[in-house]
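Fold the following.
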Amino acid sequence: MISKNDEFLLDLGIFSVKEQQKMLKKAMKEEEKVSREAEKIVKWAKQASMRMSPHDIEDQFSDD
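Numbering: from 1, shown residues only. The predicted structure follows:
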């Protein structure tokens with residue numbers, strides 16, 4: 001026979017698991033969002049580097 005106290009603790013355990021699942025789902029969505037944003041940044045960086053001429057790059061790294 002389960003006491004009221006044990007039942008309460010059992011309910012807390014179930015709540016905790018559900019809450020952890022909720023947090024995991026939220027974290028996974030956030031990870032997907034960050035990944036998409038990172039892909040955009042990589043794309044923009046590639047586009048910017050394609051627009052740069054070799055002369056521009058040399059100017060960036062010169063010691064002048």
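
Pull out the buried positions in stretch 37-53.
For stretch 37-53, a neighbour-count test (16 or more other C-beta atoms under 10 Å) marks nothing as buried. To be clear about C-beta, it is placed using only N, CA and C from the backbone, and glycine gets the same treatment.

State the mean pLDDT of that stretch.
If you average the pLDDT over stretch 37-53, you get 90.

can you pull out the strands in the protein?
Here the chain has no strands by DSSP state E.

Can you give me the pLDDT of E32?
97.

Tell me how many other residues surround it.
10 (other C-beta atoms under 10 Å).

and if you look at M28?
10.

Now do H55 against F61, distance only.
Remark: distance between H55 and F61 (C-beta to C-beta, to the nearest Å) = 11 Å.

Sorry, slip of the keys, the one I care about is K25.
Distance from K25 to F61, by C-beta to C-beta: 46 Å.

Please identify which of the two sits among more neighbours.
Legend: neighbour count by other C-beta under 10 Å for K25 and F61, higher for K25 (10 against 6).

Against K18, how distant is that one?
K25 is 11 Å from K18, by C-beta to C-beta.

try M50
49 Å.

And for E30, the neighbour number?
Around E30 there are 10 residues (other C-beta under 10 Å).
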